[in-house]
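Visitor: Make a model of this:
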Amino acid sequence: MKSVLFVTDAWYPQINGVVRTLEYTARELRTRGLRVEFITPREFRTVPCPTYPDIRLSLTTGRTVRRLIRDYGCGHVHIATEGPLGLLAAAAAKKENRTFTTSYHTRFPEYVAARLPLPTAPFYAWFRRFHNSGSGCMVATSLLEENLRERKFRNLMRWSRGVDTSLFRPHEGSVLPEALPRPVFMNVGRVAVEKNIEAFLDLDLPGSKVVVGDGPQLESLRRSYPEVHFTGAKSGEDLARHYASADVFVFPSKTDTFGLVLLEALSCGTPVAAYPVMGPLDVIGDSAAGVLSDDLREAALEALKIPREDCRKAALGQSWAVCTDQFVANMEAAEAAQGHA
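Guide: Here you go, the predicted model:
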């Protein structure tokens, strides 16, 4: 395999787990000598996604996407999202008899249900048809794999997630305002209703609460919780220093498939408090790096007792190199199964 084309509806200026996963995977693939190309919304006119204007939906045609796939001439096509570009790319690949794989990053049916009174079953039927049309669907965790298999998804392949331990590392001191009382309980991520951030903000905890991130719910939460410190979006070294400035990372989401921010927090030496659900169960597991409980307040207070060195140690074994090994093996298996190896 000498070249890979990623097709994704999620790309910059969005900052989320899908974008970071593709960015780090592409970086690893290029270090191995593979040519990596992308088809993203940046190449097209876009419109805001209903109920979620930060996400841009591409306006293009199947003919255009098919031409781009031909022009790039990559050995393998991987479709990362189920949006307009993903759907058009899958149709184009099938029409041209090209092998392609997909990945299941986002529990979109649950995201929709968090916003609108709609059942999840029709969305899962749509997603199942899409992902089953390829030669393999990559998933990050065993719990997600089990969940999707029960929903009749086929050809599931494991593709875990990693963390840049050189960027996300412990730091001395704090970048937070000195006036913030300790301990500091922090959440990092997209500020949106499906992230269940209010469950964290409603907790009766000592010290201070900090929310790092941007999203459609940011302004309403700022108004409702004036005592909470909202920093807006952070990235790179600044983001790492924010993680390291917290005493506990609180993750109230019940809809994430993985939760890349969990690994980033641990890599900075910050213990995790979360519900015992998909994502935290896979990342924290039976390690000593976090506390999982249906009582999120109890988990947050217990996590204060965890040595920071235990958190860093838990993250060190989660490299992007290992994750990319899985991705490459999945591509090769899909191509071999279709007789294109």
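Visitor: Find the nearest non-adjacent residue to residue 227, please.
Guide: Distances taken as Cβ to Cβ, 6 or more residues apart in numbering place residue 209 nearest to residue 227, at 7.6 Å, with adjacent residues excluded. The C-beta positions use only the backbone N, C-alpha and C, and glycine is treated the same way.
Visitor: repeat for residue 263
Guide: Residue 263 sits nearest to residue 163 (Cβ to Cβ, 6+ apart), 4.0 Å away.
Visitor: just residue 228 next, same as before
Guide: residue 209 (4.8 Å).
Visitor: wouldn't the one you found be in contact with residue 230 here?
Guide: No - using Cβ atoms under 8 Å, residue 209 is not in contact with residue 230, being 9.6 Å away.
Visitor: And the two? Which one has more around it.
Guide: residue 209 (22 against 17; other Cβ atoms under 10 Å).
Visitor: State the phi and psi torsions of the more buried one.
Guide: Torsion angles at residue 209 (phi, psi; degrees, to the nearest 10) stand at phi -110, psi 140.
Visitor: beta partners for it?
Guide: residue 185 (DSSP bridges).
Visitor: ok, now how distant is residue 239 from residue 226?
Guide: Residue 239 sits 24 Å away from residue 226, going by Cβ to Cβ, to the nearest Å.
Visitor: ditto for residue 183
Guide: Taking Cβ to Cβ, one finds residue 183 at 20 Å from residue 226.
Visitor: and what of residue 49?
Guide: In terms of Cβ to Cβ, residue 49 sits 29 Å off from residue 226.
Visitor: Who has more neighbours out of those two?
Guide: Set residue 49 next to residue 226 and count neighbours by other Cβ under 10 Å: residue 49 wins out with 13 against 8.
Visitor: Go ahead and confirm that one touches residue 58.
Guide: No - with contact taken as Cβ under 8 Å, residue 49 and residue 58 are classed as non-touching, separated by 10.7 Å.
Visitor: Helix, strand, or coil at residue 14?
Guide: Assigned state for residue 14: coil (three-state reduction, DSSP: H, G, I helix; E, B strand; the rest coil).
Visitor: State the mean pLDDT of the longest helix anywhere in the chain.
Guide: Taking DSSP state H as the criterion, the chain has its longest helix at helix 320-337. For helix 320-337, mean pLDDT rounds to 94.
Visitor: could I get that helix in PDB with only the CA atoms?
Guide: C-alpha atoms of helix 320-337 as PDB (Å, rounded to 0.1, in the frame of the first residue of the first chain):
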ATOM      1  CA  TRP A 320      -0.300   6.800  17.500                       C
ATOM      2  CA  ALA A 321       2.300   4.500  15.900                       C
ATOM      3  CA  VAL A 322       0.500   1.400  17.300                       C
ATOM      4  CA  CYS A 323      -2.800   2.800  16.200                       C
ATOM      5  CA  THR A 324      -1.500   3.400  12.700                       C
ATOM      6  CA  ASP A 325      -0.200  -0.200  12.600                       C
ATOM      7  CA  GLN A 326      -3.800  -1.300  13.100                       C
ATOM      8  CA  PHE A 327      -5.000   1.100  10.400                       C
ATOM      9  CA  VAL A 328      -2.500  -0.200   7.800                       C
ATOM     10  CA  ALA A 329      -3.300  -3.900   8.700                       C
ATOM     11  CA  ASN A 330      -7.000  -3.100   8.200                       C
ATOM     12  CA  MET A 331      -6.400  -1.600   4.800                       C
ATOM     13  CA  GLU A 332      -4.300  -4.500   3.700                       C
ATOM     14  CA  ALA A 333      -6.900  -7.000   4.900                       C
ATOM     15  CA  ALA A 334      -9.600  -5.200   3.100                       C
ATOM     16  CA  GLU A 335      -7.700  -5.000  -0.100                       C
ATOM     17  CA  ALA A 336      -6.700  -8.700   0.100                       C
ATOM     18  CA  ALA A 337     -10.300  -9.700   0.700                       C
END
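Visitor: If you count contacts, what does it end up packed against?
Guide: Packed against helix 320-337, as judged by 3 or more Cβ pairs under 8 Å, 6 or more residues apart in numbering; DSSP states H and E, are the following elements: helix 17-31, strand 76-79, strand 100-103, strand 156-158.
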